[in-house]
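K.L.:
My questions are about this predicted structure, shown below with the sequence.
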Amino acid sequence: MSAAEFAIFELTRTRAEVEFLSRQIGSALGTCHDLQMKSDDGSPIVEHLKDAYAMTSDQNEDGGSSDRYFVNHDGDVGAYLIATCWNCLTAHHAIQDRKLARKQYGIAKRRIALMGTNMMKEEK
């Protein structure tokens, strides 16, 4: 497999992985027992994840924020969701996996763009 073929393969593979994980997140959140239609645009809001990710910060004397910390737990989102909702825990893990997949997808896109740029330089 040539470098160009491998770059195209990686782009396709990582895009498919991001799409798969996005569907997995939607499926997991769709089975949450606390799914409610609350937002202005009618999109569903899952309170478990919102509560698990909620953070706040303390203010310094000079008005700047200092420490950020989670509101509903001590920083272990997974443990909080185990006690709250297994479906949201599944979604949380898929969200973390999708972050890495999106990063890999971006790297694959940049690799192809760099190959194209190099090809244009060689053509001149």
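P.N.:
Cool, got the structure.
K.L.:
Show me where this protein has its helices.
P.N.:
Using DSSP state H, the helices of the chain run over residues 3-30, 47-53, 77-84, 86-123.
K.L.:
can you tell me which of these comes nearest to S66?
P.N.:
Judged by Cβ to Cβ, the one of these that comes nearest to S66 is helix 47-53, at 19.9 Å. Placement of C-beta: from N, CA and C, glycine included.
K.L.:
Name the surrounding residues that touch the closest one.
P.N.:
Contact with helix 47-53 is made by 29, 32, 34, 36, 70-73, 77, 80-81, 84-85, 88, 91-92, as judged by Cβ atoms under 8 Å, 6 or more residues apart in numbering.
K.L.:
same check, this time on stretch 117-124
P.N.:
Outside stretch 117-124, not a single residue reaches it (Cβ under 8 Å, 6+ apart).
K.L.:
mean confidence for that stretch?
P.N.:
Regarding stretch 117-124, the rounded mean pLDDT is 89.
K.L.:
same check, this time on stretch 74-86
P.N.:
89.
K.L.:
Ok, stretch 47-58 next?
P.N.:
83.
K.L.:
same check, this time on stretch 101-110
P.N.:
Mean predicted confidence for stretch 101-110 is 97.
K.L.:
about what we covered before: now, of the contacts of helix 47-53, which are buried?
P.N.:
Using 16 or more other Cβ atoms under 10 Å as the burial test, the contacts of helix 47-53 include 29, 32, 34, 70, 73, 77, 80-81, 84-85, 88, 91-92 as buried.
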